[in-house]
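Participant: model the following, please.
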Amino acid sequence: MNHPFHESGAPSVFWWILITGGIGFAAGFFGPIALNPEANQGPLVGIFISGPVGAFLGLVLYLLSRPLHFSAALQWQVLWASGAILAVVTLSLCMPGPAFRGFLLDAQIQGCKPSEQVADDAIAYWEKRVAGVTWAAPRAGWQDDARHRLHEDQAVALEVMVVRKLGIYESRKPWDKGGISARGWYPENEQKSYYAQYAGGACEDYPLGSRSVRFVSYNPPGMAGNAENWPPRPLLPVGVLLESLTAFPSRDRITNRCRQKGEIVYLWSRYLAHHSQKRVTERNPPF
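Facilitator: Just a heads-up that it's a prediction; the model follows:
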């Protein structure tokens, strides 16, 4: 029978496997739960990956320490250091990546309709979406509610030419949780329809040919949410064109640093809780 300690006080193979395997298992089991609860891997990382890898690492380090004749103290140091490194690596791999929150659109208005005029198109669009979602039931009377909201809202349906887009991401890492970043502009040149309220509820408030940068929130395709919010309110054929960035948490600026046509473009965006106080400014724009 192998004893946990050799006569010299050095850890036996039992401790090498137990400590590194246990640390790997704990980091992979609890790390995703604590750091990335939205992920679907949960504790499986510890059970099937980091735990077995840690145990194998302990066995390998034990076998390497035999011919090298490390002192007992050094072996313990290597054992705990390897466990710490394994924990750090495992936890770093469990860190959530940035969450996509929407786009900044550089768009030019090409057409406008009162929101109630697009009710039939909007309802037809969402009837197809509802038919494709089998895991959530739509709220009762959503068609009538949609018509009422589109009639009552001070909003319009815009036809816009999207010249370019800028993706907006929210950091979910513990040391920068809620931090907002943006990635480089890329050309789009596509015509789309959006629901807009930022300038008013009449088409006269949206001059044809005018061009501006606006924020469009992102809803993952097919995300049903709960029955009270499915289909979403307000009911829209394509998306929501908003000026507000209030859906973003905690941070008061967006910083984008990207190379475009040989120059550095900085995008700073301040946003506050009230739509009327929000402003978007761009330093050295490339257009």
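Participant: can I assume Asn40 sits in a helix?
Facilitator: No - according to DSSP: H, G, I helix; E, B strand; the rest coil, Asn40 belongs to no helix; its state is coil.
Participant: what is the burial count for it?
Facilitator: Asn40: 7 surrounding residues under other Cβ atoms under 10 Å. The way it works is simple: take the backbone N, C-alpha and C, and place the C-beta from them, glycine included.
Participant: for it, phi and psi?
Facilitator: Backbone geometry at Asn40, expressed as degrees, to the nearest 10, gives phi -100, psi 0.
Participant: tell me how many other residues crowd Ser210.
Facilitator: Residues within reach of Ser210, counting by other Cβ under 10 Å, total 11.
Participant: next: the one 5 residues further on.
Facilitator: Per other Cβ under 10 Å, the neighbour tally for Phe215 reads 26.
Participant: thought it was touching Arg101?
Facilitator: No - with contact defined as Cβ atoms under 8 Å, Phe215 does not reach Arg101; the gap is 9.1 Å.
Participant: find residues that contact each of the two.
Facilitator: Ile168 (Cβ atoms under 8 Å, 6 or more residues apart in numbering).
Participant: pLDDT on the one helix or strand Phe14 maps to, on average?
Facilitator: Using DSSP states H and E, Phe14 sits within helix 13-35. For helix 13-35, mean pLDDT is 95.
Participant: for it, buried residues please.
Facilitator: Across helix 13-35, burial judged by 16 or more other Cβ atoms under 10 Å covers 13, 15-29, 31-32, 35.
Participant: next structured bit after that helix?
Facilitator: helix 44-45.
Participant: who are the packing partners of that following helix?
Facilitator: When contacts are defined as 3 or more Cβ pairs under 8 Å, 6 or more residues apart in numbering; DSSP states H and E, helix 44-45 packs onto helix 13-35, helix 72-94.
Participant: and those: which comes nearest Gly184?
Facilitator: Of all the helices and strands packed on helix 44-45, helix 72-94 sits nearest to Gly184, with 25.5 Å by Cβ to Cβ.
Participant: what's next to that closest one, contact-wise?
Facilitator: Helix 72-94 is contacted from outside by 6, 8-11, 15-16, 19-20, 23-24, 26-28, 31-32, 35-36, 39, 45-46, 50, 53-54, 57-58, 61, 65, 70, using Cβ under 8 Å, 6+ apart.
Participant: how about stretch 170-185: buried residues?
Facilitator: Glu170, Ser171, Arg172, Gly179, Ile180, Ser181, Ala182, Trp185.
Participant: wouldn't Ser115 be in contact with Ala155 here?
Facilitator: Yes - using Cβ under 8 Å, Ser115 is in contact with Ala155, at 4.5 Å.
Participant: Leu158 is in contact with Leu208, correct?
Facilitator: No - counting by Cβ under 8 Å, Leu208 does not reach Leu158; the two are 9.9 Å apart.
Participant: hey, what's in contact with both of these two?
Facilitator: The contact sets of Leu208 and Leu158 overlap at Ile109, Gly111, Cys112 (Cβ under 8 Å, 6+ apart).
Participant: who wins for most neighbours among these?
Facilitator: Ranking the shared contacts of Leu208 and Leu158 using other Cβ under 10 Å puts Ile109 first, with 21 neighbours.
Participant: which ones are touching that residue?
Facilitator: Going by Cβ under 8 Å, 6+ apart, the list of residues near Ile109 reads Leu158, Glu159, Val160, Tyr206, Pro207, Leu208, Gly209, Ser210, Arg211.
Participant: could you rerun that using 7 Å?
Facilitator: Leu158, Val160, Tyr206, Pro207, Leu208, Gly209, Ser210 (Cβ atoms under 7 Å, 6 or more residues apart in numbering).
Participant: and the pLDDT at the last one?
Facilitator: In other words, Ser210. On pLDDT, Ser210 comes in at 91.
Participant: now it: closest residue in space that isn't a chain neighbour?
Facilitator: The shortest distance from Ser210 to any residue other than its chain neighbours is 5.3 Å, reached at Ile109 (Cβ to Cβ, 6 or more residues apart in numbering).
Participant: assign a three-state SS to the one you found, would you?
Facilitator: The local conformation at Ile109, judged by three-state DSSP, is strand.
Participant: was I right to think Pro43 contacts Phe29?
Facilitator: Yes - using Cβ atoms under 7 Å, Pro43 is in contact with Phe29, at 4.3 Å.
Participant: which stretches in the stretch 151-287 of the chain count as strands?
Facilitator: Taking DSSP state E, counting those that start in this stretch, the strands of the stretch 151-287 of the chain run over residues 156-170, 180-182, 186-196, 211-217, 240-242, 254-260, 263-270, 279-283.
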